[in-house]
Structures are given as C-alpha cells and as structure tokens.
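Novice: What follows is a predicted protein model with its sequence.
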Amino acid sequence: MENTLATPETAEISGINNISEVKRKMHFTGTVIKTTLAGAIVDIGLEIPGVVHISQLRKEAVNKVDDVVQVGQTVDVWVRRIEQNKDRIELTMIEPLKLEWREIKKGMVVSGKATKIEKFGVFVEIGAERPGLVHISELTHDYIHNPREVVKEGDEIEVKIIGVDRRKKKIQLSMKVLEEKPPKPAKAPKKGKESEQGTVKKEPQVPTAMELAMREAMERANLQKDEEEEMKSKRKPVTTNEELEDILSRTLDQRVKSTTK
C-alpha cells in the first residue's frame, strides 16, 4: 500500500476557534500586538496569541526585533510548535518546508515541479530542503535518449519516493512506477517440428564443412597408421648375433671343404 503525503496547510486558516484544532505548519495571517527583546507577540484570531522568537523572524540574523516588525503590522506566520498544557503557540515567520527530512519516507507519492533537466535525469522540487532526482531510467518504461522526450522544465508531475539518503541528503524519485507496466511480448516458438503431443522434436544437426574435413583427416591418419603397423609386422625379423656367427661358421666350413678336394 502506497503512502500518499497530505499537503500541509499553506492557505489562510478559517474556522479555527481553539488551540486543540491547531496543527504544525498551519498558516495564519496575524497582527503584531507587542514586541520584546526576545521576539514578537502576534494575534492570530484565537483565544491566545502566538509567540514569534527573534530567531524565527527571518532567515537572516536579527539584532533587534523592531528592525523587522512593529506593533500593528500584519504578518504571515506558520505554527512551529503547540504546547496545549501551557496554552502556548510558537510561531515562525520563516515559511516551513512542505517536507522535512524526518517526514520523507520511501513509498510516498508526492507532487512536484521539474526545475532542472540533465542528460541523466530530471530534478524535481517536492518541497524538501533539496530537490529529488528522477533518473532517466525511472522516467518511463519505454527507452528514451533524452529526458526532454518525457518532461519539460516547469512541468508539474507526480512522483514516488523510491530512496532516501538523509546523510548525503539525496532523494531518489520515480515516475514510471506510477504508470501501468506494458505487457511483455510473446516469446517466439522454438525451432523444430512439433509432435502430436505438443513436444518439440529436435532436428538432426548437419555437420559443417569444417567438421567434415576434420573427420576425413582423422580417418586418413588412422588408416595410414594401420598400414604402417601392418608393414612392420611383415618385415623379416632382424638376425641376432648368434645366428650370424652360425651362418659365418657354416660358410667357412663349406669353403674349406671345397679347397681340399
């Protein structure tokens, strides 16, 4: 289930009668009824006025309250803290962030404005301290070359928070997760003849010309080896030394006999 962030009150509040109905970040238009060294007291139309500390009069440092506000001046204020047990409302004249770091959670769906477009993605102002980034791969399910094919600067878009790194102050956003995923293309049938039972029969592989040449060369080598072994087996065995001496002795005997006749 997705967490959808409710937009904080930024318009003038009407119909608020007591402190129990006041919430953080509510916006009031009030009147300064008193100034002190520590800040200003502002009437916001409730039974008790609100207090603006000197540090909350503006973002820049303030040395003297009267340099910023005077009694009777109309000012815009936001609720910073409520202490019902003390009947005290702390206000600020510094407009609060719509999203503070502790409020940013993975899975939230928020609206924002595309403020800067780079080749790698789109920066979106979502009301946090820093804009979030929609990487080009998170813009759409389709393949695109440039983020400007999908988003233009100034476009109001809806995004989902898919990652938060509070230490590095990075917010990862996505647009495509909010879109319907396109259906996957049908797979092509496997090659081969389909039998009656629906199984695929593999076709016999035809040997390539290289395989045929290799087979022929191997057969020729084996045949030549067999012929060499057969010829070796038919050769007359080599005569030993004893046989040679016997042949020589008989030859000499025959010559002696022939000379004595």
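Specialist: Looks like it arrived, so ask away. Numbers count the residues shown, from 1 in each chain.

Novice: and residue 80, what helix or strand is that in?
Specialist: strand 74-83 (DSSP states H and E).

Novice: what packs against that strand?
Specialist: strand 27-35, strand 50-53, strand 88-92 (3 or more CB pairs under 8 Å, 6 or more residues apart in numbering; DSSP states H and E). Yep, even glycine has a C-beta here, placed from its N, CA and C like the rest.

Novice: at 6 Å what do you get?
Specialist: Strand 74-83 sits against strand 27-35, strand 88-92, with contacts defined as 3 or more CB pairs under 6 Å, 6 or more residues apart in numbering; DSSP states H and E.

Novice: and the shortest one, how far from the chain's centre?
Specialist: Averaging C-alpha positions (CA atoms, centre = their mean, to the nearest Å) puts strand 88-92 42 Å from its chain's average.

Novice: What of the first one?
Specialist: What separates the centre of strand 27-35 from the centre of its chain is 47 Å, taken as CA atoms, centre = their mean.

Novice: pLDDT of the following helix or strand past that strand, averaged?
Specialist: Note on strand 27-35: by DSSP H and E, the next helix or strand toward the C-terminus is strand 39-43. For strand 39-43, mean pLDDT rounds to 97.

Novice: And stretch 223-231, by the same measure?
Specialist: Computed over stretch 223-231, the average pLDDT equals 69.

Novice: Spatially nearest residue to residue 81 (excluding sequence neighbours)?
Specialist: residue 90 (4.2 Å; CB to CB, 6 or more residues apart in numbering).

Novice: Dump the helices and strands packed on strand 74-83 to TSV, plus mean neighbour count and mean pLDDT.
Specialist: Below are the helices and strands packed on strand 74-83 laid out as TSV (neighbours: other CB atoms under 10 Å; pLDDT from 0 to 100):
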stretch	mean neighbour count	mean pLDDT
strand 27-35	17	96
strand 88-92	20	95
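
Novice: and stretch 164-174, which residues are buried?
Specialist: Neighbour counts over stretch 164-174 (16 or more other CB atoms under 10 Å) mark 164, 171, 172, 173, 174 as buried.

Novice: Outside of the strand holding residue 80 itself, which residues are in contact with it?
Specialist: Contact partners of strand 74-83, identified using CB atoms under 6 Å, 6 or more residues apart in numbering, comprise 22, 24-31, 42, 89-93, 96.

Novice: same deal with stretch 156-176?
Specialist: Contacts for stretch 156-176 (CB under 6 Å, 6+ apart): 101, 104, 106, 108-109, 111, 113, 124, 130, 132, 134, 138-141, 177-178.

Novice: Can I have the buried ones of those residues as a PyMOL selection?
Specialist: Burial among the contacts of stretch 156-176 is assessed by 16+ other CB under 10 Å; the matching PyMOL selection reads:
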select buried, resi 104+108+124+132+134+138+139+140
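
Novice: So which of the buried residues of stretch 164-174 belong to helices?
Specialist: Per DSSP state H, helices hold no members of those.

Novice: with those residues in mind, which one is nearest to residue 153?
Specialist: residue 173 (15.7 Å; CB to CB).

Novice: Return the set of residues that bridge with the closest one.
Specialist: residue 134, residue 161 (DSSP bridges).

Novice: Please tell me how far it sits from residue 136.
Specialist: 12 Å (CB to CB, to the nearest Å).
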